[in-house]
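Engineer: Mind folding the following:
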Amino acid sequence: MAGRFGGSGGARSGFCFGKCRLRGPLLVVSLALALAGILSLLALLSLSASAAQGAASLPGGFGQSRVVTGLEKPTAMALAPDGRIFVAEQAGRLRVIKDGRLLSRPFATFNVDSEGERGLLGVAFDPNFVRNGFVYVYFTTRSQPVHNRVVRLQAAGDRVSGRKLIFRLDNLSRARNHNGGALHFGRDGRLYVAVGDNARPENAQTLRNLKGKMLRINRDGTIPKDNPFYKKARGKNRAIWARGLRNPFSFAVSRDTGRMFINDVGQKTWEEINAGARGANYGWPRYEGPENDRRFKPPVFAYRHGTGPTTGCAITGGAFYDPVKARFPRGYVGDYFFADFCSGWIRRLDPETRTATGFARGIANPVDLKVGRGGNLYYLERGTGSVYVVRYTGS
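Structural biologist: Just a heads-up that it's a prediction; the model follows:
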């Protein structure tokens, strides 16, 4: 994403999604972007006001309820096999929702740099969590020089009993946006890590750093030798699995097919959904949105910037509807839900026809989506610090 915690439409909640700029030389913003930010913010304020009152609009036959509120600047969530929900808060607390209640004591806390789009940004469960109790997190450490890292936690009930740094990413520049942060396991048992370009577009194309990439590592942080650039890159850069991304704040992997969709936040014009592919190059910074250059992999779907029901400014959250037990109508199975942070909607994409239709409107800054094993859709609402569940109730 361009920036998940501020910028165009995000200043109210403290995110940038890559559309924010920093002090000094980095504070320079074009007039066009500034105007777009003002228009997006006005629309966002209206949306957030209605969503805070529980006014999210859903299709007929669907209903929603709030699971919990009281979260502070949440960024991501993961659903445990036992029904618990783990939620990352930007300031460094990993919270647990258990039996419909937000536990007062965090599962774990981290000493993070949470300025701009930095902080605790990603969480994922090991595929064998029931047996090994491993939980993985991605965060920006305050340790100097500042950098993002992947840490593996050992769970003991609702508390962490151990932690291990398994992968250290590159040192960050002064720019505090474009950190990515999403984590998911693929069907191959490898851990995939989405990394932003650190607000330096040239990073996305080089194999000399990890920025603007999708990474693939083993559960212990070592690098698989069958990674596409293992022989061409050096050192930890061998973890690169795909490149040419701007700010892939979220992505999802289908439980049924293993298909991966990467949500890449755009700069001025487009938001992208890209098909994850080994060795792919998605074209940033040369291209944003649809393109026909055979050297690069075009998006599966893209939508323009704006304030309407099909436009936005920062794609956030993605989830395939492929639960163990489907409860939504048959036409939803296999579809991909995705959200926009600024416009406050959730839409669904048919991966085969590549057409999108509306689903929910009036959400206060959605940042993550998940489909539970029981067939319900969960969304994480940053604007109110809440988790909601959407159920099909029948026509």
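
Engineer: Can you show me the CA trace of stretch 223-230 as PDB?
Structural biologist: Listed next in PDB are the C-alpha coordinates belonging to stretch 223-230 (Å, rounded to 0.1, in the frame of the first residue of the first chain):
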ATOM      1  CA  ILE A 223      16.600 -19.300   3.100                       C
ATOM      2  CA  PRO A 224      15.300 -22.000   0.800                       C
ATOM      3  CA  LYS A 225      17.800 -23.000  -1.800                       C
ATOM      4  CA  ASP A 226      15.000 -23.200  -4.400                       C
ATOM      5  CA  ASN A 227      14.200 -19.500  -4.200                       C
ATOM      6  CA  PRO A 228      14.300 -18.000  -7.700                       C
ATOM      7  CA  PHE A 229      17.200 -15.600  -7.100                       C
ATOM      8  CA  TYR A 230      19.300 -17.900  -4.800                       C
END
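
Engineer: Run the chain-centre distance for that stretch.
Structural biologist: With Cα atoms, centre = their mean, to the nearest Å as the basis, stretch 223-230 stands 24 Å off its chain's centre.

Engineer: residues in contact with that stretch?
Structural biologist: 190, 207, 216-218, 236-242, 278-279 (Cβ atoms under 8 Å, 6 or more residues apart in numbering). C-betas here are computed from N, CA, C, even on glycine.

Engineer: hmm, 10 Å instead?
Structural biologist: 167, 188-190, 207, 213, 215-218, 231, 233, 235-243, 277-280 (Cβ atoms under 10 Å, 6 or more residues apart in numbering).

Engineer: Span of stretch 138-154 from start to end?
Structural biologist: 15 Å (Cα to Cα, to the nearest Å).

Engineer: Which positions within it qualify as buried?
Structural biologist: Across stretch 138-154, burial judged by 16 or more other Cβ atoms under 10 Å covers 138-141, 146, 148-153.

Engineer: And stretch 304-319, by the same measure?
Structural biologist: Neighbour-count burial for stretch 304-319 flags 305-307, 311-319 (criterion: 16+ other Cβ under 10 Å).

Engineer: Redo those as CSV? Include pLDDT, secondary structure and distance to E115.
Structural biologist: Listed next are these as CSV, based on pLDDT from 0 to 100; DSSP: H, G, I helix; E, B strand; the rest coil; distance: Cβ to Cβ, whole Å:
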residue, pLDDT, secondary structure, distance to E115
H305, 98, strand, 25
G306, 97, coil, 29
T307, 93, coil, 27
T311, 98, coil, 29
G312, 98, strand, 24
C313, 97, coil, 21
A314, 98, coil, 18
I315, 98, strand, 23
T316, 96, strand, 19
G317, 94, strand, 23
G318, 97, strand, 26
A319, 98, strand, 29
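
Engineer: which of those lies closest to L377?
Structural biologist: Among the buried residues of stretch 304-319, A319 lies closest to L377 (Cβ to Cβ), at 7.0 Å.

Engineer: how about the residue nearest the centre of the chain, what does it touch?
Structural biologist: Per Cα atoms, centre = their mean, the C-alpha nearest to the average position across the chain is that of S250, at 2.2 Å. By Cβ under 10 Å, 6+ apart, S250 lies in contact with 1, 4, 75-76, 121-122, 180-182, 184, 194, 261-265, 315-319, 338-339, 367-369.
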